[in-house]
Every structure is written in structure tokens, then in C-alpha cells.
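In: predicted model follows, preceded by the sequence.
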Amino acid sequence: MVNREVVGAHYGLRDWLAQRITAVIMLVFTLLLLMALVTLPKFDFWHWQALWSLSLMRYAALLFLVALLYHAWVGIRNIFMDYIKASGLRLTLYVVVILALISFGAWTIQILWGK
């Protein structure tokens, strides 16, 4: 009889699904942004500012940001789980990546809603 030892956190299907859903969200936002850019009467600062003053664009960009950050986290975490065997180093890298992603998210929110 083969004794199978279960290791890991069983992220497989959930991570696969998260990667696909976040990729679709990012694709939809990219298409929305391209459509908005094509329909701008003139590509100058004032029209660009008017585009980003719309709540739809800001909230769509926020959704894109959350999807992007989660997509990046799942991908990086899985790479670290697969290739970094030393637990201490892996934990340190997790913390560095999490802090970087939080910083990027805060910076983007400041850009979108800051004055």
C-alpha cells in the first residue's frame, strides 16, 4: 500500500481560477480604456483629465488595480513556493513582496484620488 503524504496548502484550483478571473478583469479594463481613448475628441491634458474625472474610470481603474495586485501576488507566491525551498528566505520574500504590492496599491490610489 502506498502511503501518500499530503503537503502544501492545496492552492491549485483556486489559484488557477483567480489567475483567470483577474486576467479577464484586466482585459476588460484595457478594452474600456482603449475604447475611451479612441473616442476622445482630442488627446490633450484637458480631455485626459476629464476622462479620469469620471467615477466610472476611477472605479474601473481601482478594480483593475486590485485584480492586478492579486494576480501578481498569486503568481509570485506560487513561484516562491515552487522554487524557494528555505522557509526563512521564502517568508522574507513574501513579506517584501506584500509590502511592495501594498505600497504600489497605495501609490496608485493616491494618484487616482489625490489632488
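Out: Here it is on my side, so go on. Residues are numbered from 1 along each chain as shown.
In: residues of the lowest-mean-pLDDT helix or strand in the chain that come out buried?
Out: Least confident helix or strand, the chain: helix 45-53 with a mean of 91, by mean pLDDT, DSSP states H and E. By 16 or more other Cβ atoms under 10 Å, the buried positions in helix 45-53 come out as Leu51. C-betas here are computed from N, CA, C, even on glycine.
In: could you give the angle of the helix or strand hosting Val28 to helix 45-53?
Out: Per DSSP states H and E: Val28 is located in helix 12-39. Interaxial angle, helix 12-39 versus helix 45-53 (axes from the mean of the first three to the mean of the last three Cα atoms, to 10 degrees): 140 degrees.
In: could you identify the helix or strand that succeeds the least confident helix or strand of the chain?
Out: Assignment by DSSP H and E places the next element after helix 45-53 at helix 55-83.
In: could you say what helices and strands that following helix packs with?
Out: Where contact means 3 or more Cβ pairs under 8 Å, 6 or more residues apart in numbering; DSSP states H and E, helix 55-83 is packed against helix 12-39, helix 87-113.
In: CSV for these, including distance to Leu69 and mean pLDDT?
Out: Shown next, in CSV, are the helices and strands packed on helix 55-83 (distance: least, Cβ to Cβ, whole Å; pLDDT from 0 to 100):
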stretch, distance to Leu69, mean pLDDT
helix 12-39, 9, 94
helix 87-113, 5, 95
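In: possible to save the ones you listed as JSON lines with distance to Ala61?
Out: Below are those laid out as JSON lines (distance: least, Cβ to Cβ, whole Å):
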{"stretch": "helix 12-39", "distance to Ala61": "7"}
{"stretch": "helix 87-113", "distance to Ala61": "6"}
